[in-house]
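A.B. asks: My questions are about this predicted structure, shown below with the sequence.
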Amino acid sequence: MNTSTAWTGGALISTMRDVSVFYDALLGGRLLPPKSPAEMKVTVALDPDRVWDGAAYGLGLIGTPLRCGGTWWGHAGDIDGFTTISGVAPSGRRVAIAFNENPSTKAAFDEELNLVQTALCDPR
């Protein structure tokens, strides 16, 4: 499938490692001047049917409360047959996950988000 059919959502082709390194640099202050990531974290109200529970949307970033405290910042997206979720916790832990299917229910997507919480919160 040519992912460019999703316009900008499919225009970037990268590995999960590259995406993880990108978020680490962006949110770790090594990519933009310090005020830019702070401005990206200023959130607005969202349509609850378009994002997951607890999510807040900034300028290209989604913030979600962590069960271990704080907020993880990143993004998620999908196109037919493919879903990605990636971001960084305040601790510096990062996650980038690709699924080769779209969740068919809210419960299935909640399980994907639970995997993110586990990666960012649970001791290894």
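C.D. replies: Great, that's in hand. Numbering: from 1, shown residues only.
A.B. asks: Look at the residue nearest to the spatial centre of the chain and tell me its secondary structure.
C.D. replies: Centroid-nearest residue in the chain, with CA atoms, centre = their mean: H75, separated by 2.5 Å. Using DSSP: H, G, I helix; E, B strand; the rest coil, the structure places H75 in strand.
A.B. asks: now do R67
C.D. replies: Following three-state DSSP, we place R67 in the coil state.
A.B. asks: re the thing from before, next one: the residue nearest to the centre of the chain relative to G87, how far apart?
C.D. replies: Distance, H75 to G87, by CB to CB, to the nearest Å: 7 Å. (Glycine included, C-beta is placed from N, CA and C.)
A.B. asks: Please apply the same query to G69.
C.D. replies: Per CB to CB, G69 is found 15 Å from G87.
A.B. asks: okay, the two: which has more neighbours?
C.D. replies: Comparing G69 with G87 by other CB atoms under 10 Å, the one with more neighbours is G87, at 27 against 10.
A.B. asks: Contact partners for F99?
C.D. replies: Residues in contact with F99 (CB atoms under 8 Å, 6 or more residues apart in numbering) are F82, T83, T84, E112.
A.B. asks: Check for me that L115 belongs to a helix.
C.D. replies: Yes - under the criterion used here (three-state DSSP), L115 sits inside a helix.
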